[in-house]
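Student: Turn this into a model:
(2 chains)
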Amino acid sequence: MITFRGVSKSYHSGGTRAVDDLNLEVRPGEIFGFLGPNGAGKTTTIKMLVGLLRPDQGQITVRGVDVATSPLEAKMQIGFVPDTPEVYDRLSGLEYLNFIGDVYGVAPRERRQRIERLAEAFELTGALKDRIGGYSHGMQQKVVLIGALLHEPPVWVLDEPMVGLDPRSAHDLKELMADHCARGNTVFFSTHVLEVAERLCDRVGIINKGRLIALGTLEELRRGQGRDGGGRDGEGRDGDSLERIFLELTES
Amino acid sequence: MTLKPSFPRAVWAMLVKDLRLEFHTKEMFSALLIFALLVAVAFSFAFDVAPEGLREVFPGMIWVAFFFAGMLALNRSFASEKQNGCLQALMLGPFDRSAIYFAKVIGNLLVMLASEVVLTPLFFIFFDMRLDGSIWLLAAIWLLATFGFIAVGTLLSALAAQARASEILLPIIVFPVITPVVMAAVKSTAGLLLGARLVDYAIWLKLLVAYDLIFLAVPFILFEYLLEV
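Tutor: The predicted structure follows:
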């Protein structure tokens, strides 16, 4: 559903590569966790995936659509939630969502139903007519989430989606993610909360210094498979937490 | 049902959003109106010349007031998008990025024309001016000159918004580029108010039309790159 083939990006010509020769395939029906320390290249990768940055080399496709050559078609497939909510303080929640609905061409009837359903799920119904400027960080994050899901994109790209959400909303979002993937769609999300990744993800990828250093299910990573340089079966230990594997891999 | 991305729909959606924001805050409209009104009052006290002499300086005064006031509106145009990273959010939209420019141009044009509709009669009253020529021709000059100013100003406002001191930078880069619009607006207004034949100042109207057409076409090519600066 999402493929990265030999994708590289550096911010200064000849400088250090923020992302270096990334090869990755995220399958349909999969929740994929993208992990890495600060400055590892997660946000750069996500920005290339959603069409905000152009890779220096390589190709990214979303459901077979090349992000570089057919950006508009690719963007219609994606619902993106950034790590900080990008909203207009002086619009009400409903005005903002209607704006997003207009941009994506969601018909009024469907739009109303989806807004009602999602606002109910995130307990935002009562606040939709208030100005976004008066919302808490978590409420702003929720309204951005609803906006990103309004056109029912098959691919969700979420950058640190749990930040600012209260436990119930975080729980509801996890359920929505699982439900979305159960219908054959894909969720690609980055997080620093390793417990969430451990519990939620079908597979995880760990990036460090721009290189993908591990890729696989938690079980595979525990066994030492899928690690950069091959790894050896039995290198890890049964019961190793993702945190321990993460720390071990990103140590140097 | 989700429709395919469309350019006019994206322009319309962003225009409605911008007008809604302006309706809530009235930032641009009130800044334009108050500034131009203060200039009108200041000029009406400052100039103590015979009516014939006033007729010659009036076109310069009214356009200086409009363009300087318009600069305040242009400064706000992309500043609201920069706030909270909304410009980046717009760049994620499934439409050609020049749609952002055209929505901004139409929004700024509507706000500036609305304030000109209020201000023009006031300027005529303050300076005791009478319009002998066609009001439609006056409206055409107003529209062409305002569009030229807004088209260039909005394009450069997007560029300046990427800089730290954008509010200082914008007038510095806009005024040299809009010199032809200022000259053409003043000359054609003077021609109309002084009762000259249309053929005598038609060249300035043609200049305005050419300028407007160029800056209607250029953003289709340039705007995408401008946002990536």
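
Student: Which strands and helices lie in contact with the helix or strand that B:Phe78 is a member of?
Tutor: Assigned by DSSP states H and E, B:Phe78 falls within helix B:51-82. Helices and strands touching helix B:51-82, by 3 or more C-beta pairs under 8 Å, 6 or more residues apart in numbering or on different chains; DSSP states H and E, are helix B:27-46, helix B:86-91, helix B:98-126, helix B:135-160, helix B:166-177, helix B:179-193. From N, CA and C alone the C-beta is placed, and that goes for glycine too.

Student: swap the cut-off to 10 Å and go again
Tutor: helix B:7-25, helix B:27-46, helix B:86-91, helix B:98-126, helix B:135-160, helix B:166-177, helix B:179-193 (3 or more C-beta pairs under 10 Å, 6 or more residues apart in numbering or on different chains; DSSP states H and E).

Student: Spatially central residue for chain B, please.
Tutor: Nearest to the geometric centre of chain B sits B:Ile150, at 3.3 Å (C-alpha atoms, centre = their mean).

Student: Show me which residues of the helix ranked longest in chain A are buried.
Tutor: Scanning chain A for the longest helix, with DSSP state H as the assignment, gives helix A:167-182. Neighbour counts using 16 or more other C-beta atoms under 10 Å in any protein chain shown place A:169-170, A:172-174, A:176-177, A:180-181 of helix A:167-182 among the buried residues.

Student: Closest one of those residues to chain B?
Tutor: Nearest to chain B among the buried residues of helix A:167-182: A:His180, at 15.7 Å, using C-beta to the nearest C-beta.

Student: Pull the contacting residues for the closest one.
Tutor: Going by C-beta atoms under 10 Å, 6 or more residues apart in numbering or on different chains, A:His180 touches A:29, A:31, A:79, A:149, A:152-156, A:186-187.

Student: if we go to 7 Å?
Tutor: By C-beta atoms under 7 Å, 6 or more residues apart in numbering or on different chains, the residues touching A:His180 are A:156, A:187.

Student: list the buried ones in the helix holding B:Phe78?
Tutor: Applying 16+ other C-beta under 10 Å to helix B:51-82 flags B:54-55, B:58-63, B:65-67, B:69-81 as buried.

Student: which residues are in contact with stretch B:211-222?
Tutor: Identification of contacts with stretch B:211-222 by C-beta under 7 Å, 6+ apart yields B:98, B:101, B:144, B:147-148, B:151-152, B:155, B:180-181.

Student: For it, give the mean pLDDT please.
Tutor: Averaging pLDDT along stretch B:211-222 yields 88.

Student: what do you get for stretch B:71-79?
Tutor: Rounded mean pLDDT across stretch B:71-79 is 85.

Student: Stretch A:105-121 now?
Tutor: In this model, stretch A:105-121 has a mean pLDDT of 92.

Student: picking that back up, tabulate the helices and strands packed on helix B:51-82 in CSV, adding columns for mean pLDDT and distance to chain A.
Tutor: Output for those, formatted as CSV (pLDDT from 0 to 100; distance: least, C-beta to the nearest C-beta, whole Å):
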stretch, mean pLDDT, distance to chain A
helix B:7-25, 90, 3
helix B:27-46, 84, 9
helix B:86-91, 85, 4
helix B:98-126, 92, 9
helix B:135-160, 93, 16
helix B:166-177, 88, 19
helix B:179-193, 94, 31
